[in-house]
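*Asks:* Structure, please.
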Amino acid sequence: MSNTFLAKHVNKLIASGLLVMVCLSVLLIYVFIDAKTTEKRLLQRQFNLSLINLSQNIDARISSMKLIAKTLANDKHIHDWVATGFAADKESMLINKLGFFVKEYSLTSASFADKNTHKYWNHEGFLRVLQPEIDTWYFAYLKSGSSDLVSVYHDKNNNRVDVYVNYQQTDGNGLSGIATSFDGVLEILKNSLFATHGDIYLVDNLGNIQVHAEADVAGIKSLQDIFSKDIIDRLLQPDFSGFMEFNQQTGRLLGASYIPSMNWYVVANVTKKVD
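*Replies:* Sure thing, here's the model as predicted:
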């Protein structure tokens, strides 16, 4: 009888031990899942903050360039010289002024055009009279009536990316353009949190990819080549903020942040999975 009692007691201990082990296992699984969920949530929050910070930094840079271009286009001394009929002995005033802006603001180029005669100078001197059949961007810009024009140029020969900011007087004849290297922004994209977890690019308001770490993507591909129209329409909205999950199985997130000064977007395509 004592043996029976002992056996029952041992069985109870074993059952209790198994129950404790099951409870501990369930608790550990719960803690593990909760930790992963928390880590994913923190990662997504970090995505949001990084995306907003990047778009704000680019916006500040372009906004300051717009002010510089506007200052040049409205420069009184330049317009006084234009009013005198482009006196040859005073041309150095314009060229020196453009050169000063290049050095002062670390630009790669500074230019001025007279919208009446279409004469065009940069910081190195007089270039030419712009022609409709050659300089299509310039005449399209005049016709648009927009004061600002922002574009990116990929110099594949020199492996360099420049951003150009133009300003034209809508009620005058002054038009200026300045350019600076966008390589710093490109490096930020390459080394960003987004590059580690997926892909990131700058797109215009139509979804065309304008800046990307890979040269064969920028200026060639668009979001339409990657995502559905419905996703793009939801994403490319000035008031859109943060990320949306477009593939639940793989944990893929798609986010965008608006750059007002360019009317462009920073777009990130990343995964929230944590190993």
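
*Asks:* CA atoms for contacts and neighbours, from now on please.
*Replies:* Fine.

*Asks:* Which SSE is immediately downstream of the helix or strand of the chain with the lowest mean pLDDT?
*Replies:* Sorting the helices and strands of the chain by mean pLDDT, DSSP states H and E puts helix 2-73 at the bottom, at a mean of 69. For helix 2-73, the following helix or strand on the C-terminal side (DSSP states H and E) is helix 76-83.

*Asks:* Output the contacting helices and strands for the helix or strand that contains residue 93.
*Replies:* For residue 93, the element it lies in under DSSP H and E is helix 91-104. When contacts are defined as 3 or more CA pairs under 8 Å, 6 or more residues apart in numbering; DSSP states H and E, helix 91-104 sits against helix 76-83, strand 109-114, strand 119-122.

*Asks:* could I get the second one in PDB with only the CA atoms?
*Replies:* This file holds the C-alpha atoms of strand 109-114, laid out as PDB (Å, rounded to 0.1, in the frame of the first residue of the first chain):
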ATOM      1  CA  SER A 109      27.300  75.900 -61.900                       C
ATOM      2  CA  ALA A 110      25.500  79.300 -61.900                       C
ATOM      3  CA  SER A 111      23.900  80.800 -64.900                       C
ATOM      4  CA  PHE A 112      21.700  83.700 -66.100                       C
ATOM      5  CA  ALA A 113      19.500  84.100 -69.200                       C
ATOM      6  CA  ASP A 114      17.700  87.100 -70.700                       C
END
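
*Asks:* what's it packed up against?
*Replies:* Counting by 3+ CA pairs under 8 Å, 6+ apart, strand 109-114 packs on helix 91-104, strand 119-122, strand 174-181.

*Asks:* Could you say whether residue 201 sits in a helix, a strand or coil?
*Replies:* Classification of residue 201 by DSSP: H, G, I helix; E, B strand; the rest coil places it in strand.

*Asks:* Next up, the contacts around it.
*Replies:* Neighbouring residues of residue 201 by CA atoms under 8 Å, 6 or more residues apart in numbering: 189, 209, 210, 211, 212, 213, 266, 267, 268.

*Asks:* redo that, cut-off 6 Å
*Replies:* By CA atoms under 6 Å, 6 or more residues apart in numbering, the contact set of residue 201 is 211, 212, 266, 267.

*Asks:* so what's it closest to, chain neighbours aside?
*Replies:* Nearest non-adjacent residue to residue 201, counting by CA to CA, 6 or more residues apart in numbering: residue 212, 4.9 Å away.

*Asks:* Check the secondary structure at the closest residue to residue 156 other than its chain neighbours for me.
*Replies:* Closest residue to residue 156 apart from its sequence neighbours, by CA to CA, 6+ apart: residue 215 at 7.8 Å. For residue 215, the secondary-structure state derived from three-state DSSP is coil.

*Asks:* residues near the closest residue in space to residue 125 that isn't next to it in sequence, how many?
*Replies:* Closest residue to residue 125 apart from its sequence neighbours, by CA to CA, 6+ apart: residue 95 at 5.8 Å. Around residue 95 there are 20 other residues, counting by other CA atoms under 10 Å.

*Asks:* picking that back up, mind putting the helices and strands packed on helix 91-104 into TSV with mean neighbour count, distance to residue 138 and mean pLDDT?
*Replies:* Converted to TSV, the helices and strands packed on helix 91-104 look like this (neighbours: other CA atoms under 10 Å; distance: least, CA to CA, whole Å; pLDDT from 0 to 100):
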stretch	mean neighbour count	distance to residue 138	mean pLDDT
helix 76-83	14	19	96
strand 109-114	24	10	97
strand 119-122	19	11	97
